[in-house]
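Visitor: Give me a model of this one.
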Amino acid sequence: MTAMESLFRQPFTMALGWALVHFLWQGALIALLFAFVNLLLRRSSAGLRYGNACGAMLLMPVVSAATFLWLIVNGTTGAPAPSVVFASVLRPAQVLGGAAVRMAASGSATVQIEEWLNSHLAWLIALWSLGVVILSVRTAGGWIFAQSLKRQSTNPAEAAWQEALARLARRLNVRRPVMLCESAIAKVPTVIGWLRPAILLPVSALAGLTPELMEALVAHELAHIRRHDYLLNMVQTAVETLLFYHPAVWWVGKRIRRERENCCDDMAVAACGDALIYARALTEMAELRSGQPQLAMAANGGSLIARIRRLIGVRDATSRTPATWMAGVIALLGIGAVWATGSLSISYVHDNPPMAEAQLATAAGESATPEPRDPAPDPPDPQAPSTAPAQSSGGEAKDFIGGLAAAGYQNLSVDQLITFKIHDVTPEFVKQMEAMGFHHPTPDELVSMKIHDVTPAFVNEMKSAGFAGLSIDQLVSFKIHDVDPARLKDMQKVWGKLTPDEVLTAQIHDVTPEYAGRMKSLGLGEPSFDQLVAMKIHGVTPEFAKDILATGLKGVSIDQLVAFRIHEVDPARVAEIQKLGFGQLDAEEIVALQIHDVTPEFLRGFKDLGFTKLTLEEALEASIHGVTPEFVKAARKHGFNNLSMEQIIKLKQFDILSDKSN
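Guide: Prediction:
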């Protein structure tokens, strides 16, 4: 016998191996009991269902540990049958008092199974140990990554968010200090840590969500902190690591995570006061999700679609099929495991007289617990709790879906139904809009009209203003840009019949009848609609026009005012140039001077050098060729005195006097 085989033949390791084997039927029975209780609690709150799931999860390692201790204490060398375990609980004196008792095998198949398990027990323990190590390394890696996420690329959130956190913490009765940080790495709001918890807010979420929606998600994370979910999740992960080989463990664990998120959703709704706002926050967050590993208690736990359906009262029966299938598999596993282990032999090593086989059978028969004949089905998705404002009964959800189907929307997806519910797109609203002349709007058009408050009353107001043929997109654009029907009538009195595009242009650029009247009063003629739009786009205000006209420029028109603003002509600089003795300038000359950067300082420099009769054309030519007052001074130092501006320009143009000799 090798050293490894000797190690795995020790009483401790043998007991461990058989405890792992027996957990196959024990875990299945616990899962069946959990499913039955959960079925009874299907109408109860998420908190009760969460407690039931946690109880089942904690019972699994307790039962497995008790089996291990039972095997150690009683010196078991074989596999204790379920009937013996039950009997040992109710009649310990009778069951444990026997010596060299051996339950006869019911058939050669069960004997072969026991012999195979005994001969391969070492390999089973080795495989189990390897699985525990791999999962432990994975868990440790996730913890290390979470801690690094907490430290890297994070900054304390702004003061406004800190105030919102404090306000929500008071509502949720969270007394311990909580850090709130902005993270450039995190993709969804995330809680990290238990003793010193920190909430990480993704920068993308802060930029993409409104403060109201973001506060709802922060309330969800505070609910996790209030409930100590980070610590409980670590305990759950430890159980899943040790008992990883049993599908019932993962099934119950999945239910725990689902109900945990439901509990926090309910607390977040109670804190923010509106289930639809919170559901909308989850919907928006779904667009920001990525494949990031779930590090702790984040807003992306569980199925977002299922959570939103629960909040708004929309049910989907098909979503429960996988859970029911899993319950059936676990039930079959439990029945098979009980049958397989029920006939396995067991021997004890004690000095007391043996107990009669009939007495043992009687004890086992009296203490046996009846097995459920059929596996309990997976309970249906619960309705929203009574504290949630958006709670609705199954009948209401059916009426909602049926009403939409009657209105011609039979094949809506779950996402479309959720969006309709969030934005209050009802069958009545559909009928109202169809009565206004919009034949069977698309789901996106209906949602867009609801979001932007395009109501039948608004449509009628537009019709009374002369816009009877607007499309849904045009109506939505009018609402987005706050087109006022009464204001629209005033605009048409000034400019006549406007097209929808012209109305939007006027609204976007704030072209109003009042603005048109003020520009007209300046004496520049009757500005057209296009000219008014151009002036508004380029910032031609009545004040700017008055300042330009006060300089005495000749021939100023509306188009030239626009050109002045495009080229950033300053009325004060125009007035300075006028004072330098160049006579009365016109608008085109001012634009040319501005384009070539001929400033009052530039002109004054030439005047100081004796160019008293310098014309604007010469000044423009000098600026174009790079002739500056400094260049003239350098030329005179080299003996080029009494040159005309034309000669100086040629001196520069032909590079007779290079810049290095300046």
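
Visitor: Could you double-check that I418 lies in contact with T283?
Guide: Yes - applying CB atoms under 8 Å as the test, I418 and T283 come out as touching, 7.0 Å apart. C-beta here means a position set from N, CA and C on the backbone, and glycine is covered the same way.

Visitor: who's more crowded, those two?
Guide: I418 (22 against 17; other CB atoms under 10 Å).

Visitor: mind listing the strands in this structure by residue range?
Guide: 154-156, 179-183, 190-192, 198-202, 297-298 (DSSP state E).

Visitor: Make a markdown table out of those strands and add distance to I648 and mean neighbour count.
Guide: A markdown table is the format used below for these (distance: least, CB to CB, whole Å; neighbours: other CB atoms under 10 Å):
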| stretch | distance to I648 | mean neighbour count |
| --- | --- | --- |
| strand 154-156 | 59 | 13 |
| strand 179-183 | 61 | 20 |
| strand 190-192 | 71 | 25 |
| strand 198-202 | 64 | 25 |
| strand 297-298 | 74 | 26 |
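
Visitor: so which of those gets nearest L232?
Guide: Smallest distance to L232 across the strands of the chain (CB to CB): 9.1 Å, for strand 297-298.

Visitor: Quick check: chain neighbours aside, which residue is closest to Q432?
Guide: P456 (5.0 Å; CB to CB, 6 or more residues apart in numbering).

Visitor: Count the residues that sit near L446.
Guide: 26.

Visitor: Quick one, grab the pLDDT at it.
Guide: According to the prediction, L446 has pLDDT 93.

Visitor: right, and D453 touches K479 too?
Guide: Yes - if you go by CB under 8 Å, D453 and K479 touch, sitting 6.0 Å apart.

Visitor: So for these two, which residue has more residues nearby?
Guide: Between D453 and K479, K479 has the larger neighbour count (other CB under 10 Å), namely 17 against 10.

Visitor: ok, the more buried one - contacts?
Guide: For K479, the contacting residues are 452-454, 458, by CB atoms under 8 Å, 6 or more residues apart in numbering.

Visitor: Local confidence estimate at F8?
Guide: 54.

Visitor: ok, back up a step: select from the contacts of K479 the one having the most neighbours.
Guide: V454 (24 neighbours).

Visitor: Spatially nearest residue to that residue (excluding sequence neighbours)?
Guide: L475 is the one closest to V454 (CB to CB, 6+ apart), at 4.9 Å.

Visitor: and the one you found, what does it touch?
Guide: L475 neighbours (CB under 8 Å, 6+ apart): 449, 454, 458-459, 462.

Visitor: Try it again at 7 Å.
Guide: Contacts for L475 (CB atoms under 7 Å, 6 or more residues apart in numbering) come out as 454, 459, 462.

Visitor: That one and N262: what is the separation?
Guide: 39 Å (CB to CB, to the nearest Å).

Visitor: neighbours of L549, just the number please.
Guide: The number of residues near L549, taken as other CB under 10 Å, comes to 15.

Visitor: How about it, nearest residue that isn't a chain neighbour?
Guide: Looking at L549 with CB to CB, 6+ apart, the closest residue is V556, at 6.2 Å.

Visitor: circling back to that earlier point, could you dump the strands of the chain to TSV with mean pLDDT and distance to T599?
Guide: Below are these laid out as TSV (pLDDT from 0 to 100; distance: least, CB to CB, whole Å):
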stretch	mean pLDDT	distance to T599
strand 154-156	78	45
strand 179-183	83	46
strand 190-192	84	57
strand 198-202	84	50
strand 297-298	46	60
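
Visitor: what's the closest of the ones you listed to L242?
Guide: strand 297-298 (21.6 Å).

Visitor: burial measure for G583, as a count.
Guide: When neighbours are counted by other CB under 10 Å, G583 registers 10.

Visitor: could you list every residue that touches it?
Guide: G583 touches nothing, counting by CB under 7 Å, 6+ apart.

Visitor: where do the helices sit along the stretch 1-150 of the chain?
Guide: 3-8, 11-40, 46-73, 82-90, 92-95, 108-151 (DSSP state H, counting those that start in this stretch).

Visitor: could you redo the contacts of L475 as JSON lines and give each row pLDDT and distance to R227?
Guide: Below are the contacts of L475 laid out as JSON lines (pLDDT from 0 to 100; distance: CB to CB, whole Å):
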{"residue": "V454", "pLDDT": "93", "distance to R227": "42"}
{"residue": "V459", "pLDDT": "92", "distance to R227": "48"}
{"residue": "M462", "pLDDT": "90", "distance to R227": "51"}
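
Visitor: any chance of those in JSON lines, plus distance to A587?
Guide: Putting the contacts of L475 into JSON lines (distance: CB to CB, whole Å) gives the following:
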{"residue": "V454", "distance to A587": "46"}
{"residue": "V459", "distance to A587": "47"}
{"residue": "M462", "distance to A587": "42"}
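
Visitor: now, which of those sits nearest L41?
Guide: V454 (44.0 Å).

Visitor: Next, work out how far apart the residue nearest the centre of the chain and E630 are.
Guide: By CA atoms, centre = their mean, the chain has its centre lying nearest to M285, at 1.9 Å. Distance of M285 to E630, given as CB to CB: 63 Å.

Visitor: likewise K150?
Guide: Taking CB to CB, one finds K150 at 60 Å from E630.

Visitor: okay, those two: which has more neighbours?
Guide: Ranked by neighbour count (other CB under 10 Å), K150 and E630 place K150 first, with 22 against 10.
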